[in-house]
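Participant: Got a sequence here, can you model it:
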Amino acid sequence: MRFFHPVAPSRSLKKGPVRVQIAGQKFALWRDGSDRAAAVADACPHRKAPLSQGRVRPDGRLACSYHGWHFDAEGRGCSPSQPKLTRCDTAAYQVVEKFGYLWLSERDTPASTFPLTRWDGFDLAGSFSTLFQAPLHVALDNFSEDEHFPFIHFFLGWNEDGVSRLEFKAQNYDDRTEVLYRGPSTLFGLASAAGSAVRRPLSE
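Facilitator: Residues are numbered from 1 along each chain as shown. The predicted structure follows:
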């Protein structure tokens, strides 16, 4: 959660809460009283009931369906039966709504770490979502290597004959690897792409 993750299309978050999951960790997302996306851990601190099965109150707070504990976007909680109870808070997360998606991260993740989607001479053309029924490390491995391009994505990138003309550059950092490649495309004549893969131990 030290990085921004696109977890759902913006249009999927309407009146009620929605559950999303990253590497086994569950989150409840909803829109608060100002129609801004908010997120907390999907377990009420009272009896661990899933907050994604609750409701959004008229004041924009997310209420648990079990005992009615309710929370604001900062994770500050309140018990209706014991209003003076002070230990009702839960973990809250940062949600950025951009490019038609909801991006989730720790609250203190700086905006400067938001993924680069455009730079000089390049604009974001669009996006799509695909559900991978696979372990996270398998999905990450697929996105962080490029040798499968000539065989799987040749209609967008380069074909096998163009691999010898491919320009490739990679730079390793403490928390990521940035890759830039440029090569012939079967559709567009010349294709360039850039990517950033996070390198972390799987135990994290």
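Participant: burial measure for residue 63, as a count.
Facilitator: Residues lying near residue 63 (other Cβ atoms under 10 Å) number 21. For every residue, glycine as well, the C-beta is placed using N, CA and C.
Participant: all helices for this protein, in order.
Facilitator: 136-143, 149-152 (DSSP state H).
Participant: what's the spacing between the longest one and its chain's center?
Facilitator: Meaning helix 136-143. Mean-position distance between helix 136-143 and its chain equals 15 Å (Cα atoms, centre = their mean, to the nearest Å).
Participant: quick check: domain ranges of the chain?
Facilitator: If you go by automatic domain parsing, the domain ranges for the chain are 5-111, 136-198.
Participant: any chance of those domains in CSV, with mean pLDDT and distance to residue 123 too?
Facilitator: As requested, the domains of the chain are exported to CSV (pLDDT from 0 to 100; distance: least, Cβ to Cβ, whole Å):
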stretch, mean pLDDT, distance to residue 123
domain 5-111, 96, 11
domain 136-198, 70, 13
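Participant: Of the ones you listed, flag the one that's most buried.
Facilitator: domain 5-111 (a mean of 17; mean count of other Cβ atoms under 10 Å).
Participant: Next, the distance between the ends of that one.
Facilitator: 13 Å (Cα to Cα, to the nearest Å).
Participant: quick revisit: closest one to residue 175 among the helices of the chain?
Facilitator: Distance to residue 175, taken as Cβ to Cβ, is lowest for helix 136-143 among the helices of the chain, at 13.5 Å.
Participant: Just list what the closest one packs against, helices and strands only.
Facilitator: strand 189-198 (3 or more Cβ pairs under 8 Å, 6 or more residues apart in numbering; DSSP states H and E).
Participant: ok, back up a step: I'd like the domains of the chain written out as JSON lines, with distance to residue 130 added.
Facilitator: Output for these, formatted as JSON lines (distance: least, Cβ to Cβ, whole Å):
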{"stretch": "domain 5-111", "distance to residue 130": "12"}
{"stretch": "domain 136-198", "distance to residue 130": "10"}
